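[1] show me the folded form of this:
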Amino acid sequence: GIANAIGAANFSMPAGTASYGDQAMNLSAEVKYDTIPKLEKVPITTSKGQTIYLSDVAKVTYAVSDKTSTSRYMGMENVSVGLKRKQASSPVTLSRQVKPELERLKEKYPDLNIEIEEDAADEIIATLKGVAKTMVEAVLLAMFIIFIFFGDIKGSLIVGSTMPISIMAAIILMQAAGFSLNVVTMAALIIAIGMMTDNAVVVIEMCFRKHQSGLSFRDAAYEGTCVVVNAVIGSTITTLVVYLPLAMMKGLMAQMFKPLAATIIFSLMASLISAIFLIPICFATYKPVEHRDIITNRILKKISKKYRRVLRVALKWKKSVLLASVILLVVTVFLSTFLKTALYPEQDEGIIDISIAFRPNLDIDAMDDTVKQIEAFVAQSGVVKNYNSDVQRSGARATVVAHKIRELDTPTQEIVDEWNLALKDISPICEVKVTTDSTSGMSSSGSEKEYDITANDIDYLKEASSKITKMMEETDGVLYATSSFKDSGARANVQIDPVLASAKGFSSKELAGLVYNNMSGAKATDVTIDNKKYEVRVKYPEGYYDTVGDVENMSFVNSKGVSVPLTEMATITFESAPMSVSRQDGRFVDKIKVTMTSDVKDEVTEILDKKVDEFIEADENLTYQENMEERMEREELTSIGVAILIGIFLVFFVMAVQFESVIVSLLVMMCVPFAGIGSILFMLIMGIKVDMVSSMGVLMLAGIVVNNGIILIDMAMQNQAAGMETTEALVDAGSGRLRPILMTTLTTVIAMVPVALGWAKDAKTMQGMAAVIVGGLTASTILTLVLLPTFYLILDRVRVRSAERRERRKHKLEQKVVEQEIMLREKQRADARVNLVFPMAGAGTRFMGKEYGCPKPLIDIAGEPFFKRAADSLVGHVKYERIIFVVLKEHVEKYEIDKKIRSYYPDAKIVQLPEVLPGAVMTAVEGAKAIHNEYPVIFTDCDLMFTSEDMYEYYRTDDYDAAGTLLTFRSDKDCYSYVETGEWIDAGGNTVEVAEKTAEKEVISDRAITGAYGFINAAMFIRAAEKYMENCPYDEYYMSGIYNQMIQAGLRVRVFDTDTFLSFGTPEELKQAEESLRKQEKEEDKPEDKTEEKKKDKD
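    As a prediction, this is how the structure comes out:
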């Protein structure tokens, strides 16, 4: 063809080497066409052997490639360039480096119009300025509050100085820790500002009180700081420990809250150091004088008097106060059900994203016409500073991104709702969705909700989805609902008949390629013209092959020169294009997206959720699957919930250490639930949802609200220690700490009010957190001043009455207890006959598989651990003086085996060994060393259970006629130790030889030793064991070998048979033993035979 002729004519190839004088030259053969006139002269040989030129059959012109996309900025076609920063750099740094380069390009190319569409650095800088302004305002407000209370400029400046010092120290520490000064960390500084002065207020207020009592400024500074230093340190630590769970967080929360937590921690650490060192130094140096006669103090005195009366009434009617507090908590829990949830707070960065989805395979010009209409709508809206559009033929989609005028007060979401309504029906060939967007990537779904419906059959799912989508669209407030099973468009298919094509002289692949070349053209070669590379493409004139009818009229010339119509070799059919189908866990998934207006989203979502649940419940073939956003919301909020619980526990732990009382710590922790009252009410009033940020406020609140309780209770306890009656101690502590409590609360709350009310526009992300703290701290302060003293009084009265009852019982029972102890000792001496020792410090190598997961003695057998089964073979059958368990220290530390033993045997002695010893004898010796009496001792392995009435009866008396005893059962296996039978057993049941379990595995009789070994006393056992280990030829020492030493010394060894015996020393034996025990339990539970019942009735 023509394309092949052009490609063959334009070439360059090596032709070998040739010498030119002394120089070897590389040869190449080439034909180059570097102008259009030359291309027109490309020779083409016809099928009849004639030579013609390209210009005889074709027109050679410059052209552009087919348009697949288009991009415009403010209605003008453009080329967009996006710059992304490196991980180590910041957007602000990138912006400062790029802008001078753009200016140089404008000077170099004056014809270019270069505009910055969006610069994230501008938003960041503006936000930082706004946050900095809010921070300065917060500092000034906090200092003003301090001045109002003290009435002394020096005292106010001393306290206020802690804020800039703490802020600077925090910034230095942030830099050292690798955190940058951004929106999150600056918002954290705003939140921390009010808390920075808390410690300083408490310290200087006590210094003022000490100075008024007659002390010099120097002594007042020292004494005042000493009085409150413990409370100040404790309250600061309780505030800080709540942030420790943040170190364990991952994902979105870690990115946002680790810098926030670190900033607050650094700030409060600096403020603590300033409070306990800088404040007393400045107080002694500058000698501030508190003005008690200022109007604030006069008002505060009146408040204090009324507060004292209210507190006395509350303390008098404490039960009523307790009931009212319970009712208040119940109401709070009820109100919490009205709170809405979200993954993260909606951000308003003024970015509006318009997504346009067209019918598949639509012509790009038709798509572009619709996008131009939308651009005109955006341009005429008067609310955007710039916009850009992008149309892509691939995927039949387009986007228009607009940026709202920053000074405009209208919320972006309100604009989005208006545009969704206005653009809903702008064109029948597309679907338009308008949402907000964010440069942080945390864009809000705004007024969208996704439902993922699954089924096993795709056709069934399509039909059901169609019904659900229609149901949703009929719901008031829904703009539109779309299914992922939307129409993917139709396509024409050239169905080639291979037999007919072959008969006409074409292969199927060749014919398909010819159709493609006719429609799209064929690349012939590449040429270089004026140092620019061009692709040479051979194609028919525009519009020559355009419609399906044109395709049907195609004909092709075969190798014989015969023209064959396409319709004689293929047929053209129409069919639907394949859909994009999602599957998860083997089931087909349809993602139905619903768009609503944001003002009714919550209400409409509740209605849709109910309708979808009812629809799916009525159809067993369908299931609702949690979508990604819902799953992320659940996981993140659950993670925060866990962090809150851990933080509350850490706060409780710190207070328990400080007060050295769990009860008092629990009492102070009551501040937390009462703080929830204010937080929930404030969130409902402000319409704030429970999200990651507001949940973090709950975590912070848990550490803040207890501070007032700590100060109040600490003062009350000091008053009690000084001899005050409880009620007076509480009233004095409440009125005495009223001013510092109000000051610290007001400085913290007022510093956060601009953020909590949404006035700090550039710190709006942190509004939820500030709202929780402001509402919670306000409510907690009011309720703490009344409820906490009431609860403390109730607790103190209960404690006093309990102590009095205990004292009375103590006097009444003292003599009786003494008599009972004497009787108990006599009874124990009379009854206790045996020491029981259970060596359990072996390696247990046979049970080291993952399926057991614990040391051998703790393995369960039919509901009880090994050691319990073994010990019960003796406990209850013989009286014991001591019961001793020898265990590995590792098992105590890792598995708490000591606690589990004492849960069954509270009086057990636990002997811990640091490592496994070589043989049971050495382990038993360590157990025997804990025995300090002359009673017999029985050593028993932990992997067996037995009964033996003969042995029990022998140890129930004190008439022992043998130095040792052995318990045997019948066996012929070579894995046990044995005693000699026949003539070697005398009439008294004594043995004269014991065969140990060794490598030779000698079986000397049918009486195997069970693993229960008796000795006349511990001292004799230790001597025999040491003698045996000196003479033993083996590396491992077995208990049975000791008896041969005793027999050779002329000592008697008694042998008793078991009545029942079960061994579970190997996994196989364990299975058999479990089956045997369970079978035995079933037989014991089986009802008696009816004939037996009749017989009993007759009797």
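
[2] tell me the contacts of the spatially closest residue to residue 963 that is not a sequence neighbour?
    The shortest distance from residue 963 to any non-neighbouring residue, by Cβ to Cβ, 6 or more residues apart in numbering, is to residue 1051 (3.8 Å). Quick note: C-beta positions are derived from backbone N, CA and C, even for glycine. Listed by Cβ atoms under 8 Å, 6 or more residues apart in numbering, the contact set of residue 1051 reads 962-964.

[3] check contacts around residue 719.
    Per Cβ under 8 Å, 6+ apart, neighbours of residue 719: 728-730, 732-733.

[4] check residue 482 too.
    431, 469, 592-593.

[5] in strands, which of the residues you listed fall?
    Among those, the residues falling in strands (DSSP state E) are 431, 592-593.

[6] and which of those is nearest to residue 905?
    Among those, residue 592 lies closest to residue 905 (Cβ to Cβ), at 63.1 Å.

[7] next, count neighbours for that closest one.
    Number of residues near residue 592 (other Cβ atoms under 10 Å) recorded here: 20.

[8] show me the contacts for it.
    Contacts for residue 592 (Cβ under 8 Å, 6+ apart) come out as 450-453, 465, 468-469, 472, 481-484.

[9] save these as CSV, and put in pLDDT too.
    Rendered in CSV, the data for those read as follows (pLDDT from 0 to 100):
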residue, pLDDT
450, 82
451, 84
452, 85
453, 86
465, 85
468, 87
469, 86
472, 86
481, 81
482, 80
483, 80
484, 74
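
[10] which among those count as buried?
    Buried subset of those (neighbour count, 16 or more other Cβ atoms under 10 Å): 451-453, 465, 468-469, 472, 481-484.

[11] quick one, phi/psi of the spatially most central residue of the chain?
    Closest residue to the average C-alpha location of the chain: residue 639 at 4.1 Å, with Cα atoms, centre = their mean. Phi and psi for residue 639, reported as degrees, to the nearest 10, are phi -60, psi -40.

[12] likewise for residue 22?
    The phi and psi torsions at residue 22 (degrees, to the nearest 10) take the values phi -90, psi 0.

[13] could you break the chain into its assigned domains?
    Listed by automatic domain parsing, the domain ranges of the chain are 2-57, 128-338+661-799, 347-437, 494-557, 832-1083.

[14] let me know the average pLDDT across the last one.
    What it means is domain 832-1083. Mean per-residue pLDDT for domain 832-1083: 84.

[15] repeat for the first one
    The pLDDT scores in domain 2-57 average 78.

[16] endpoints of it, how far apart?
    9 Å (Cα to Cα, to the nearest Å).

[17] that domain: how far from the chain's middle?
    Distance of domain 2-57 from the chain centroid (Cα atoms, centre = their mean, to the nearest Å) equals 69 Å.

[18] likewise the longest one?
    For domain 128-338+661-799, the separation from the chain centroid amounts to 29 Å (computed by Cα atoms, centre = their mean).

[19] tell me which of the contacts of residue 592 is nearest to residue 25?
    residue 484 (66.3 Å).

[20] burial of the closest residue to the closest one other than its chain neighbours, as a residue count?
    Leaving aside its chain neighbours, residue 484 sits nearest to residue 591 (4.4 Å; criterion: Cβ to Cβ, 6+ apart). For residue 591, the count of nearby residues is 16 (other Cβ under 10 Å).

[21] who does residue 591 bridge with?
    Assessed by DSSP bridges, residue 591 has beta-bridge partners residue 452.

[22] for it, give me its contacts.
    450-452, 483-484, 582, 627.

[23] in JSON lines: the contacts of residue 592, plus distance to residue 902.
    Formatted as JSON lines, the contacts of residue 592 follow (distance: Cβ to Cβ, whole Å):
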{"residue": "450", "distance to residue 902": "56"}
{"residue": "451", "distance to residue 902": "56"}
{"residue": "452", "distance to residue 902": "53"}
{"residue": "453", "distance to residue 902": "56"}
{"residue": "465", "distance to residue 902": "62"}
{"residue": "468", "distance to residue 902": "61"}
{"residue": "469", "distance to residue 902": "65"}
{"residue": "472", "distance to residue 902": "63"}
{"residue": "481", "distance to residue 902": "64"}
{"residue": "482", "distance to residue 902": "66"}
{"residue": "483", "distance to residue 902": "64"}
{"residue": "484", "distance to residue 902": "62"}
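
[24] which members of these occur in helices, if any?
    The helices, defined by DSSP state H, take in 465, 468-469, 472 from the contacts of residue 592.

[25] export the contacts of residue 591 to JSON lines and append columns for distance to residue 774.
    Converted to JSON lines, those look like this (distance: Cβ to Cβ, whole Å):
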{"residue": "450", "distance to residue 774": "34"}
{"residue": "451", "distance to residue 774": "36"}
{"residue": "452", "distance to residue 774": "38"}
{"residue": "483", "distance to residue 774": "44"}
{"residue": "484", "distance to residue 774": "44"}
{"residue": "582", "distance to residue 774": "45"}
{"residue": "627", "distance to residue 774": "34"}
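
[26] ok, so of those residues, who is nearest residue 176?
    Nearest to residue 176 among the contacts of residue 591, with distances taken as Cβ to Cβ, is residue 627, at 41.9 Å.

[27] can you tell me which of the domains of the chain is nearest to residue 614?
    domain 128-338+661-799 (21.3 Å).

[28] now do whichever strand or helix holds residue 319: which elements does it pack against?
    Element membership of residue 319, judged by DSSP states H and E, is helix 318-336. Counting contacts by 3 or more Cβ pairs under 8 Å, 6 or more residues apart in numbering; DSSP states H and E, helix 318-336 packs against helix 671-686, helix 767-831.

[29] go through the ones you listed and pick out the most buried.
    The highest average neighbour count among the helices and strands packed on helix 318-336, using mean count of other Cβ atoms under 10 Å, belongs to helix 671-686 at a mean of 21.

[30] what packs against it?
    On a contact count with 3+ Cβ pairs under 8 Å, 6+ apart, helix 671-686 meets helix 318-336, helix 692-704, helix 706-721, helix 767-831.

[31] for the stretch 551-700 of the chain, what spans make up the strands?
    For the stretch 551-700 of the chain, strands defined by DSSP state E, counting those that start in this stretch occupy the ranges 555-557, 563-565, 570-576, 582-584, 587-596, 623-625.
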